[in-house]
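Participant: just the structure for this:
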Amino acid sequence: QAELASVVRSAVQFVFVPDIQFDQLDFSERVLVPLIVFRDHLLFDPLKPGHKYSLDVEAIRSELKRLVMPGQTVEVVAGMQSLLAHERIAIAFNKASRSDSVHESFHGRYRAKFKHFVDSKALIQELSVSSDYLASGLISASP
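Facilitator: From the prediction side, this is the model:
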């Protein structure tokens with residue numbers, strides 16, 4: 001019974017009523033959503049359409065508008081930064097980078113394919129370890 005109760009509690013907390021974990025809800029009239037793209041190449045601009053890896057900022061904006069409360073407006077500010085300019089974030093991305101290999105036979109030859117990805121849990125962990133260093137730039141810039 002305890003296991004079933006735990007599943008029901010988890011479903012209510014995270015699926016049906018995710019806001020019950022907060023004491024107060026923020027009913028701001030304007031919601032600002034920063035969309036920051038970190039890149040380590042100059043091959044294409046991920047914020048401009050035309051490439052298969054481009055982000056559709058307008059689709060993100062329209063989906064966010066569906067999530068806001070009545071009377072709220074959402075503003076998406078998109079920007080791009082180079083990983084070369086952000087040492088700790090580059091280190092976090094490097095530590096969270098993973099690869100998976102698939103070995104297959106192709107026209108009688110052995111071939112290995114590699115898929116590279118970022119482990120989101122590891123990235124969050126690495127960024128939280130660096131949070132003091134990352135926040136120091138904001139603190140020093142504030143008046």
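
Participant: now the strands for the chain?
Facilitator: Defined through DSSP state E, the strands belonging to the chain, from first to last, are 30-39, 73-82, 97-106, 109-118.

Participant: mind checking pLDDT for the nearest residue to residue 110 once chain neighbours are set aside?
Facilitator: When the adjacent residues along the chain are set aside, residue 110 lies closest to residue 103, with 7.0 Å between them (C-beta to C-beta, 6 or more residues apart in numbering). Glycine gets a C-beta too; all of them are placed from N, C-alpha and C. Note for residue 103: predicted pLDDT of 86.

Participant: excluding its backbone neighbours, what's nearest the spatially most central residue of the chain?
Facilitator: With distances taken as C-alpha atoms, centre = their mean, the residue of the chain nearest its centroid is residue 120 (7.7 Å). Of all residues not flanking residue 120 in the chain, residue 96 sits nearest, at 7.6 Å (C-beta to C-beta, 6+ apart).

Participant: on that earlier part again, want to throw the strands of the chain into a markdown table with mean neighbour count and distance to residue 54?
Facilitator: Formatted as a markdown table, the strands of the chain follow (neighbours: other C-beta atoms under 10 Å; distance: least, C-beta to C-beta, whole Å):
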| stretch | mean neighbour count | distance to residue 54 |
| --- | --- | --- |
| strand 30-39 | 13 | 10 |
| strand 73-82 | 12 | 12 |
| strand 97-106 | 9 | 21 |
| strand 109-118 | 9 | 18 |
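
Participant: how about these, which one is nearest residue 61?
Facilitator: Nearest to residue 61, of all those, is strand 73-82, at 4.7 Å by C-beta to C-beta.

Participant: now the angle from the closest one to strand 30-39?
Facilitator: Taking axes from the mean of the first three to the mean of the last three C-alpha atoms, to 10 degrees, one finds strand 73-82 and strand 30-39 inclined to each other by 20 degrees.

Participant: quick one: residue 83 and residue 46, what's the gap?
Facilitator: As defined by C-beta to C-beta, to the nearest Å, residue 83 lies at a distance of 13 Å from residue 46.
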